[in-house]
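Chemist: Provided below are the primary sequence and the corresponding predicted coordinates.
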Amino acid sequence: MNAHAMEIEPLTTASLGDTSYLLVSGDEAALVDPQRDSWGLIESCTAKGVRIRYVLETHVHNDYVSGALEVRAATGATVAGPARAPYAFDHLPLADEDEITVGDVLVRAMETPGHTAEHTSYLVCENGRESPTAVFTGGSLLVGSAGRTDLSGADRTKELTRAQFRSLRRLSLLPDATRVLPTHGAGSSCVSGPVSGKRTTTMGDERRTNPTLGTRNEEEFVRDRLSGLPPYPAYYRYMAPINRSGPEVLGGRPAVRPLSVNEVEGLIGGGAQLVDGRDRRTFAAAHLPGSLCDELDERFASLVGEVVPFGTRLVLVLPEPAEAAVEEAMLQLLRIGYENVAGHVAGGVDAWREAGRPVRSFRTADAADLAASLADRWVLDVRPQRPEGGIPGTHAVPLAELPRRLGEIPRDREVWTICGSGRRATIAASLLDRAGIPVTAVVRGGVGDLMTHG
């Protein structure tokens, strides 16, 4: 690589709606806001002769377990982060205007509190130039939006929202061509409003199109940013304390062992939660009693984090091929700190049935089936938000609140669960089934389709 060349590689984790970045100049690199499972990236850099010199943290993360200490343990990199971050481990504190160098690139800290109190962005200046060519904005300026400011508690929300207003004004003074490289994006619950599907942008584009930069009145900004915020996943409250104290260094993905039917029974008796990653219709047709249906897609772990208490011991039931499914499920769970995984059911539901153990099932339907008999049904709408309202006569309980509100659900009649697409409706149905409540899950279509049918 040319000693004077600089490359910035985005590393997107779609399951969390986040992007980390690898900045490379010559044979040195800095990794910005890394995920916990950065082991493959470390190996790739080593193979290319690139030394990761720094890990840069923009803030104490609320939505995932940081990989900073994993990278340091594997490479000897210096962990650098906001000077106001109360990290309990050794790190290089960076205050406003503090600088580090990576190859021929100068990286300058720019304090941008708001998303969190300590939040810091990083300006990237190439070849001795004062004017930055890029800025890592973390959870401050996002593509088309800004980071939410309510994750540190209600008592600090307004103060941080006002700080966010000032931080965005400061960032907006950067040149039009400056690349804006945020950590949070589409799919992240750290976003305070509608966000573009694009992961990166430029300051000129954001000045023209981002409504958070178009609001010049601070009071109006505070009012807009705090209205209609969706609930954030319950596991978020555990992430910042883990990241402040320093997560356990794993050194690689832990092995997940296959479990016999007898072992699974013992674990269930000890309070373990079964999480079934098969598709929703297959699950509904036959599943282990007490299982939670959570299809193994990019939202798998985040939805576990909505309804399964943090720290719960987990047993996985996975689709074939089991080896690939185990790896994907475990990586997603590790990213949000759900690492108490006892193993996966060897042979899955087939092995359970062949051992003479009972399975459960519930009915499924399409939205059109419900539309034809809506007036006769007790319908549970589990969407996290209802922007267009709900169907008259239906009952709304967001999925994340359902485990603690099961007492509100009738047990003497069948309940139909519905959401926007069938994803959350099936999880809700599995929770009701576990509680012994008769249920039908609307697994295809959702509230929008009911509205279309009138």
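Modeler: All right, it came through fine. Numbers count the residues shown, from 1 in each chain.
Chemist: three-state assignment of the residue lying closest to residue 231 once chain neighbours are set aside?
Modeler: Of all residues not flanking residue 231 in the chain, residue 400 sits nearest, at 5.8 Å (Cβ to Cβ, 6 or more residues apart in numbering). Where you see a C-beta, it was placed from the backbone N, CA and C, and this is true even at glycine. Recorded secondary structure, residue 400: helix (DSSP: H, G, I helix; E, B strand; the rest coil).
Chemist: tell me, how many neighbours does residue 400 end up with?
Modeler: Burial of residue 400 is recorded as 19 neighbouring residues (other Cβ atoms under 10 Å).
Chemist: got the contact list for it?
Modeler: Residues near residue 400 by Cβ atoms under 8 Å, 6 or more residues apart in numbering: 231, 233, 234, 306, 307, 384.
Chemist: what's the distance between it and residue 159?
Modeler: Distance of residue 400 to residue 159, given as Cβ to Cβ, to the nearest Å: 26 Å.
Chemist: buried subset of the contacts of residue 400 as a PyMOL selection?
Modeler: Typed into PyMOL, the line below selects the buried ones among the contacts of residue 400, using 16 or more other Cβ atoms under 10 Å:
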select buried, resi 233+234+306+307+384
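Chemist: of the contacts of residue 400, closest to residue 292?
Modeler: The shortest approach to residue 292 among those belongs to residue 307, at 6.9 Å (Cβ to Cβ).
Chemist: once you drop chain neighbours, what's closest to the closest one?
Modeler: In this structure, residue 307 finds its nearest non-sequential neighbour in residue 403, 5.6 Å apart by Cβ to Cβ, 6+ apart.
Chemist: how near is residue 292 to residue 399?
Modeler: Separation of residue 292 from residue 399 (Cβ to Cβ): 11 Å.
Chemist: any common contacting residues for those two?
Modeler: Joint contacts of residue 292 and residue 399 (Cβ under 8 Å, 6+ apart) are 307, 427.
Chemist: low-confidence ranges in this protein?
Modeler: Across the chain, the ranges flagged by pLDDT under 70 are 1-4, 387-389, 453-454.
Chemist: scan it for its longest helix.
Modeler: Longest helix in the chain, counting residues (DSSP state H): helix 154-171.
Chemist: could you pull out the strands in the stretch 301-450 of the chain for me?
Modeler: 314-317, 341-345, 363-366, 378-381, 395-396, 415-418, 439-444 (DSSP state E, counting those that start in this stretch).
Chemist: ok, and the closest non-adjacent residue to the residue positioned nearest the centre of the chain?
Modeler: In the chain, the centroid-proximal residue (Cα atoms, centre = their mean) is residue 16; its distance is 3.0 Å. Once flanking residues are discounted, residue 16 sits nearest to residue 64: 5.6 Å by Cβ to Cβ, 6+ apart.
Chemist: pretty sure that neighbour sits in a strand.
Modeler: No - the secondary structure assignment for residue 64 gives coil rather than a strand, going by three-state DSSP.
Chemist: residues in contact with it?
Modeler: 13, 16, 18, 35, 36, 239, 335, 336.
Chemist: now tabulate those residues in JSON lines and tack on secondary structure and distance to residue 284.
Modeler: Putting those into JSON lines (DSSP: H, G, I helix; E, B strand; the rest coil; distance: Cβ to Cβ, whole Å) gives the following:
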{"residue": "13", "secondary structure": "strand", "distance to residue 284": "30"}
{"residue": "16", "secondary structure": "coil", "distance to residue 284": "27"}
{"residue": "18", "secondary structure": "strand", "distance to residue 284": "32"}
{"residue": "35", "secondary structure": "strand", "distance to residue 284": "33"}
{"residue": "36", "secondary structure": "coil", "distance to residue 284": "33"}
{"residue": "239", "secondary structure": "helix", "distance to residue 284": "32"}
{"residue": "335", "secondary structure": "helix", "distance to residue 284": "28"}
{"residue": "336", "secondary structure": "coil", "distance to residue 284": "26"}
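Chemist: between those residues, which is closest to residue 120?
Modeler: Among those, residue 18 lies closest to residue 120 (Cβ to Cβ), at 17.0 Å.
Chemist: that closest one touches residue 12, doesn't it?
Modeler: Yes - the criterion here is Cβ atoms under 8 Å, and residue 18 meets it with residue 12 at 7.4 Å.
Chemist: who has more neighbours, these two?
Modeler: Between residue 18 and residue 12, counted using other Cβ under 10 Å, residue 18 has the larger neighbour count: 24 against 17.
Chemist: rewinding a little: redo the contacts of residue 400 as TSV? Include distance to residue 94.
Modeler: Listed next are the contacts of residue 400 as TSV, based on distance: Cβ to Cβ, whole Å:
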residue	distance to residue 94
231	33
233	29
234	32
306	34
307	38
384	36
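Chemist: so which of the contacts of residue 400 comes closest to residue 118?
Modeler: For these, the nearest to residue 118 is residue 233 (21.7 Å; Cβ to Cβ).
Chemist: any idea how far the closest one is from residue 334?
Modeler: From residue 233 to residue 334 the distance is 16 Å (Cβ to Cβ).
Chemist: just residue 46 next, same as before
Modeler: Taken as Cβ to Cβ, the span from residue 46 to residue 334 is 21 Å.
Chemist: neighbour count winner among these two?
Modeler: Between residue 46 and residue 334, counting by other Cβ under 10 Å, residue 334 is the more crowded of the two (22 against 13).
Chemist: touching, the more buried one and residue 250? I think so.
Modeler: Yes - with contact defined as Cβ under 8 Å, residue 334 and residue 250 form a contacting pair (7.2 Å).
Chemist: which residues do those two both contact?
Modeler: Between them, residue 334 and residue 250 share these contacting residues under Cβ under 8 Å, 6+ apart: residue 36.
Chemist: and the contacts of stretch 175-183?
Modeler: By Cβ under 8 Å, 6+ apart, stretch 175-183 touches 8, 10, 18-21, 32-33, 58, 131-143, 199-204, 206-207.
Chemist: having no further points to raise, I will conclude here.
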